[in-house]
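Quick one: sequence and predicted model below, then my questions.
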Amino acid sequence: MLTMSLKELLIQKAMGRPFWRFILVQQLMNWRNAQSFCRTNHMDLSSVRKQSENQQIQQLMSTGGVTAVWIGLFRDSWEWSDKSTSSFRNWAPPEPQSTENATVLVISGSIRGQWEDWPCNTQFTFVCQEGKSMLRLVCVK
Ligand SMILES: [Ca+2]
């Protein structure tokens, strides 16, 4: 799960670089089950905090031959699964729509990394993240 050594993690932290790793899971699940899987096996469903992270996920999808993945954004009012507060959004107009409540990042047809909202009981592959919370866990020990 955590492939970098503590030393490498500490070096990354010291250099002030954000440390987030995205993991593509090639299993079809609804959003809630995808969230549970990510929380058990990694850290959480992915947050997408900026365009460069959106592009990292697109790259994972291209490599994996996948055209749509759940990410962590869902609503009551829109919020991220990991409670991060990023306001970055990348909707493909006319999304988001009224009654759909979880977010898929799409690379298909004319949509190149934009987001669509879908009912959360739909089945998609998904992208988990590992990152700063795990770093803190490691450093406490
Ligand atoms: Ca929609």
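That came through fine. From a predicted model like this one, the values you see are computed outputs, not experimental measurements.

Now do the contacts for the residue positioned nearest the centre of the chain.
The residue lying closest to the centre of the chain (CA atoms, centre = their mean) is residue 46, at 1.8 Å. Applying CB atoms under 8 Å, 6 or more residues apart in numbering, we find residue 46 in contact with 22, 38, 53, 57, 71-72, 127-129. For the C-beta atoms, the positions are set from N, CA and C on the backbone; glycine is no exception.

In helices, which of these fall?
Among those, the ones falling in helices (DSSP state H) are 38, 53, 57.

Neighbour-wise, which one of the contacts of residue 46 leads?
residue 71 (28 neighbours; other CB atoms under 10 Å).

Quick check: that one touching residue 114?
No. Using CB atoms under 8 Å, residue 71 makes no contact with residue 114, being 11.7 Å away.

anything in contact with each of these two?
With CB under 8 Å, 6+ apart, residue 71 and residue 114 have common neighbours residue 105.

could you dump the helix or strand where residue 33 lies to CSV, C-alpha only?
In the assignment (DSSP states H and E), residue 33 maps to helix 31-41. C-alpha atoms of helix 31-41 as CSV (Å, rounded to 0.1, in the frame of the first residue of the first chain):
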residue,chain,number,x,y,z
TRP,A,31,-20.0,5.4,-5.5
ARG,A,32,-20.6,4.3,-1.9
ASN,A,33,-18.8,1.0,-2.4
ALA,A,34,-16.0,2.7,-4.2
GLN,A,35,-15.6,5.0,-1.3
SER,A,36,-15.5,2.1,1.2
PHE,A,37,-13.0,0.2,-1.0
CYS,A,38,-10.7,3.3,-1.1
ARG,A,39,-11.0,3.9,2.6
THR,A,40,-10.1,0.3,3.4
ASN,A,41,-7.3,-0.2,1.0
